[in-house]
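Asker: Generate a structure from the sequence data that follows.
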Amino acid sequence: MATLADVARRAGVSPATASRIINGSSKPVTDALRERVLAAVEELQYVPNAHAQLLARSHRTAIGVIVHDVSDPYFAEITRGLQRVATAHGRLVIICNSYRDPVKELEYVELLRAHQVAAIVLAGSGYHDEEFTKALDGKLRVYEGTGGRVAVIGRHEHAGDAVVPDNEMGGYLLASHLYELGHEHIGVIAGPKQLTTTTDRLAGLRRAAREHGRKLPPTRVAYADFDRASGADAAAALLDTEPGLTALAALNDSMAIGALSLLRTRGIAVPERVSVIGFDDMPIARDVTPALTTVRLPLVDMGARAMTLALDELADRTAPRIEQVGAELVLRDSTAAPPA
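Answerer: So this is what the prediction gives:
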C-alpha cells in the first residue's frame, strides 16, 4: 500500500503539507498544490490510515452498537434506524453481536472503548442478573468518564439516555384483545426468562388477565428463545399439555410465525380453531398466511432516536433523557373469536 510519504514524494511536497490537504485542514494552500497532492493520491490509490487519523483528531467518528443478534428481524429493524441517523452525520457504525451472552457484552464495551468510539448504543434487553448489571454499569461509567456517550434501548439499570418501549402496555393490549374476543384458554410463548423485555411483556399479559377476571397459570407459559424454531417447539409443548387451548400469544413475531408453522403442520386451522397473535410487527407479519395480528413497536424510529441521543454532544450529561415509545395493536387475520 502507498504511504503518506509516497504521496508527498510524488507531489513534491512535505508529508505535513500532504497530510493537511488530505485531511481537509483549514490552513490555506494554493490550488495548484492541492491539485498535485490529490492527483498523487489518485495515481497511487492512497487510503489514509484510519487509526492514525483517529489519534490525530480530537473528534471521534465511529459509533459502537451492541445488539443481541442483528440477523433477528427485531434488531435488524432497530439497526436500520441507527444507521440511517449515523450515515446522515457521516459516522461509521461498528455492530457487535452478543448472542445474549452477558460476558460478550462486557467484552464488547471494553473493545469499543479501546477503539475510542464516540458513543456506545446498547440495543438489546437488560438482564435479571445483578452481578452482570453491576459490572456493565461500572464499565459504562468508566467509558463515560473518558468523554464517551451511552444510549440504551429497552429497560436497563444504567442511568443514562434511553429509548424505552412500553413492553408492559404491549403485553396488556395483546392479552386484552384475546380476552375481548372471548378466549379463556390462552397459551403464552414467552422469551428467555432472564431478559427484562420478557418480564415486562408478561407483566402486561398478567395485568390484562386480572382485569378481565381470567387466570394465566404457569402451565400455560412456555419460555423460548425469541426465534422461529423455539416458537414452534413451545407451541407444540403447550398444545400437547393443553389440547383445548384456543389461542397462542407469542411475545415476538418470529415465535408467532413458528407457532403458525406448527399449527399448519398439525392441520389446525388459524384462526378458526386456534388464534395466533405476535409482538413487534416485523415486516413479514403482514405477508404470512394468515396475516399476523400483532403489537406494533416503531422499531426503526427507536433506533433513530437512540442514535440521535448518542450523537447529541451538547446535551446535559447530568440529566439523563428518557424517551418513552408507545405500543399499538395491529389487527389482521390470525385472530378471531374462539370456536363454539
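Asker: so where do the strands sit in the stretch 101-250 of the chain?
Answerer: 119-122, 149-153, 161-165, 186-190, 221-223, 247-250 (DSSP state E, counting those that start in this stretch).
Asker: Kindly compare burial across these and name the winner.
Answerer: strand 247-250 (a mean of 29; mean count of other Cβ atoms under 10 Å). Placement of C-beta: from N, CA and C, glycine included.
Asker: Which other helices and strands does that strand contact?
Answerer: Applying 3 or more Cβ pairs under 8 Å, 6 or more residues apart in numbering; DSSP states H and E, we find strand 247-250 packed against helix 167-181, strand 186-190, helix 228-241, helix 253-265, strand 275-277.
Asker: Show me the one of the strands of the stretch 101-250 of the chain that comes nearest residue 2.
Answerer: strand 119-122 (32.3 Å; Cβ to Cβ).
Asker: For residue 70, find the nearest of the strands of the stretch 101-250 of the chain.
Answerer: Shortest distance between residue 70 and the strands of the stretch 101-250 of the chain, using Cβ to Cβ, is found for strand 119-122: 12.6 Å.
Asker: Partner strands of that closest one, with direction?
Answerer: Under the criterion DSSP bridges, strand 119-122 sits next to strand 62-67 (parallel), strand 149-153 (parallel) in its sheet.
Asker: among these, which is nearest residue 48?
Answerer: Of those, nearest to residue 48 by Cβ to Cβ is strand 62-67, at 14.5 Å.
Asker: Now do that closest one: everything it contacts.
Answerer: Outside strand 62-67, the residues that touch it by Cβ atoms under 8 Å, 6 or more residues apart in numbering are 75, 78-79, 82, 86, 91-98, 105, 108-109, 112, 115-124, 307, 310-311.
Asker: Let's see which of those end up in helices.
Answerer: 75, 78, 79, 82, 86, 105, 108, 109, 112, 307, 310, 311 (DSSP state H).
Asker: what about the residue nearest to the last one when sequence neighbours are not counted, neighbour count?
Answerer: Spatial nearest neighbour of residue 311, excluding adjacent residues (Cβ to Cβ, 6 or more residues apart in numbering): residue 89 at 5.7 Å. One way to gauge burial is a neighbour count; for residue 89, by other Cβ atoms under 10 Å, it gives 12.
Asker: same thing with residue 298?
Answerer: Residue 298 has 18 neighbouring residues, counting by other Cβ under 10 Å.
Asker: picking up where we left off before, in TSV: the strands of the stretch 101-250 of the chain, plus mean pLDDT and distance to residue 203.
Answerer: As requested, the strands of the stretch 101-250 of the chain are exported to TSV (pLDDT from 0 to 100; distance: least, Cβ to Cβ, whole Å):
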stretch	mean pLDDT	distance to residue 203
strand 119-122	96	22
strand 149-153	95	19
strand 161-165	96	14
strand 186-190	98	11
strand 221-223	98	12
strand 247-250	98	14
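Asker: For the ones you listed, give me a markdown table that also has distance to residue 302.
Answerer: Formatted as a markdown table, the strands of the stretch 101-250 of the chain follow (distance: least, Cβ to Cβ, whole Å):
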| stretch | distance to residue 302 |
| --- | --- |
| strand 119-122 | 11 |
| strand 149-153 | 6 |
| strand 161-165 | 5 |
| strand 186-190 | 21 |
| strand 221-223 | 24 |
| strand 247-250 | 20 |
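Asker: Identify whichever of those strands lies nearest to residue 36.
Answerer: Of all the strands of the stretch 101-250 of the chain, strand 119-122 comes closest under Cβ to Cβ, at 37.8 Å.
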